[in-house]
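Trainee: please find the sequence and the predicted model below.
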Amino acid sequence: MSSQDKNNAISGVLVVDKPTGMTSHDVVNAVRRGTGIRRAGHTGTLDPRASGVLVILVGPAVRLSEYISASDKRYQAILRLGTATDTYDAEGTFTREEVTVEVTEEEFEIELKKFEGETEQVPPAYSAVKVNGRKAYDMARNGEEVELEPRLIQVHHLEVLEWANPEVVVDVHCSSGTYIRSLANDLGEVLGCGAYLVGLRRTKNGRFSLRDAVPLRKLKEAFEAGDWYKYLIPAAESLADWPAIELDPDQVEDVRHGHRVPADPDADPEQMVRGVSEAGELVALLKLEEGEDGVPEWQPKKVFFTS
């Protein structure tokens with residue numbers, strides 16, 4: 001087997017601690033160059049000014065992207081109170097005069113907690129959201145009026161980590177698709193003093209946290225040394241919070257060819273599961289379907305194990 005063929009067979013996850021100043025795509029390109037594997041992608045964009053957990057899927061594992069991208073996220077956000085910008089962060093132009101912040105920490109926490117739960121949020125005008133096929137930030141930069149539809153998001157938990165008026169550090173646990181910049185701006189509006197985002201660090205993406213992440217500098221050193229595989233996490237672990245069922249060799253063969261396998265009568269019809277081999281390899285993602293005579297069966301929805 002050639003080195004290229006070996007590379008094509010590699011599948012897994014690299015959890016990178018993205019530094020500020022780079023785009024998420026820059027990191028993906030660094031992984032492609034370092035591994036020699038063209039098939040790679042990230043599961044949730046981090047702005048260049050943001051740092052932290054960036055999950056990179058390598059090889060066939062890229063097909064897990066839709067599931068990992070939809071996972072909850074956690075951030076440490078630094079907000080500055082007293083004014084606001086058109087981009088809702090430090091990159092933008094100020095849209096109101098700076099004022100002395102009279103808000104106390106207790107008052108801030110009361111208003112902050114009101115943003116917990118399911119709510120509608122309007123993305124920033126300066127964002128990659130598309131309007132009639134055009135990116136909103138291109139329209140905004142051209143001075144065009146940008147009207148974006150609100151999106152339903154879930155904010156699980158908000159907590160003040162540090163209060164140093166006019167700056168405050170907030171821990172944010174939220175659903176995928178939540179704009180922390182919009183949260184900062186909306187909070188500033190409610191407080192009446194304005195607010196914008198000055199720093200953002202993603203601390204968790206799905207089941208992966210900063211504890212799992214390798215600094216990009218170290219990963220690049222491993223590329224040079226040729227031992228980067230030590231940082232590769234098996235694809236099966238990327239959805240470790242999903243239930244798993246073990247498939248025997250015959251069932252692995254059936255699932256590989258798209259055939260159903262028997263399911264436990266008590267299985268949850270709403271919950272997809274991981275089908276793993278006896279060796280622990282991710283074989284497929286399975287969903288419960290009703291078979292003949294009403295007997296439940298696991299239907300392969302996405303197959304990964306092909307060898």
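Mentor: Sure, I can see it.

Trainee: how far out from the middle of the chain is stretch 159-171?
Mentor: Distance of stretch 159-171 from the chain centroid (Cα atoms, centre = their mean, to the nearest Å) equals 23 Å.

Trainee: identify the residues contacting that stretch?
Mentor: 74-82, 101, 103, 105, 108-109, 112, 157-158, 198, 203 (Cβ atoms under 8 Å, 6 or more residues apart in numbering). Every residue, glycine included, has its C-beta placed from N, CA and C.

Trainee: just the ones of these in helices?
Mentor: Among the contacts of stretch 159-171, the ones falling in helices (DSSP state H) are 105, 108-109, 112.

Trainee: from Ala184, how far off is the residue nearest to Leu158 when sequence neighbours are not counted?
Mentor: Spatially, and ignoring its direct neighbours in sequence, Leu158 is nearest to Leu112 (5.1 Å; Cβ to Cβ, 6 or more residues apart in numbering). For Leu112, the distance to Ala184 (Cβ to Cβ, to the nearest Å) stands at 11 Å.

Trainee: who's more crowded, these two?
Mentor: A direct count of neighbours by other Cβ atoms under 10 Å for Leu112 and Ala184 places Ala184 higher, at 29 against 21.

Trainee: would you check that the residue nearest to Leu158 makes contact with Leu187?
Mentor: Yes - contact criterion Cβ atoms under 8 Å: Leu112 and Leu187 qualify, at 6.7 Å.

Trainee: select only the buried ones of the ones in helices among the contacts of stretch 159-171 in ChimeraX?
Mentor: Selection command for ChimeraX covering only the buried members of the ones in helices among the contacts of stretch 159-171, criterion 16 or more other Cβ atoms under 10 Å:
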select :108,112
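
Trainee: any idea which element the residue lying closest to Asp248 once chain neighbours are set aside lies in?
Mentor: Nearest residue to Asp248, sequence neighbours excluded (Cβ to Cβ, 6+ apart): Glu278, at 6.8 Å. For Glu278, there is no enclosing helix or strand under DSSP states H and E.

Trainee: phi, psi for Glu278 please.
Mentor: phi -60, psi -20 (degrees, to the nearest 10).

Trainee: okay, now it: neighbour count?
Mentor: Glu278 has 11 nearby residues by other Cβ under 10 Å.

Trainee: cool, Gly52 as well?
Mentor: 23.

Trainee: in terms of secondary structure, what does the host helix or strand of it contact?
Mentor: Per DSSP H and E, Gly52 falls inside strand 51-58. When contacts are defined as 3 or more Cβ pairs under 8 Å, 6 or more residues apart in numbering; DSSP states H and E, strand 51-58 sits against strand 12-18, helix 24-35, strand 40-42, helix 65-69, strand 195-205, strand 208-209.

Trainee: residues contacting Ser71?
Mentor: 43, 176, 205-207.

Trainee: can we see that at 6 Å?
Mentor: Gly206 (Cβ atoms under 6 Å, 6 or more residues apart in numbering).

Trainee: report pLDDT for it.
Mentor: In this model, Ser71 is scored at 88, pLDDT.

Trainee: ok, the one 3 residues further on next?
Mentor: Among the per-residue scores, Arg74 holds a pLDDT of 97.

Trainee: that one pairs with what?
Mentor: Beta-bridge pairing of Arg74 under DSSP bridges involves His173, Lys204.

Trainee: in this structure it contacts Thr203, no?
Mentor: Yes - taking contacts as Cβ atoms under 6 Å, Arg74 lies within contact range of Thr203: 4.9 Å.

Trainee: okay, those two: which has more neighbours?
Mentor: Per other Cβ under 10 Å, whichever of Arg74 and Thr203 has more neighbours is Arg74, with 20 against 17.

Trainee: could you check how far the more buried one is from Val146?
Mentor: From Arg74 to Val146 the distance is 29 Å (Cβ to Cβ).

Trainee: ditto for Pro262
Mentor: Taken as Cβ to Cβ, the span from Pro262 to Val146 is 53 Å.

Trainee: quick one: which of these two has more around it?
Mentor: Using other Cβ under 10 Å as the criterion, Pro262 and Val146 rank with Val146 on top: 21 against 11.

Trainee: so who does the more buried one touch?
Mentor: 125, 136, 139-140 are the contacts of Val146 under Cβ under 6 Å, 6+ apart.

Trainee: so which of the residues you listed comes closest to Glu224?
Mentor: Checking the contacts of Val146 against Glu224 by Cβ to Cβ gives Ala136 as the nearest, at 39.5 Å.

Trainee: can you name the residues that contact that closest one?
Mentor: Going by Cβ under 6 Å, 6+ apart, the list of residues near Ala136 reads 125, 127, 129, 146.

Trainee: what does the pLDDT read for it?
Mentor: pLDDT, Ala136: 76.

Trainee: name the nearest residue to Arg141, sequence neighbours excluded.
Mentor: In space, Arg141 comes closest to Tyr126 once its chain neighbours are excluded; the distance is 7.7 Å by Cβ to Cβ, 6+ apart.
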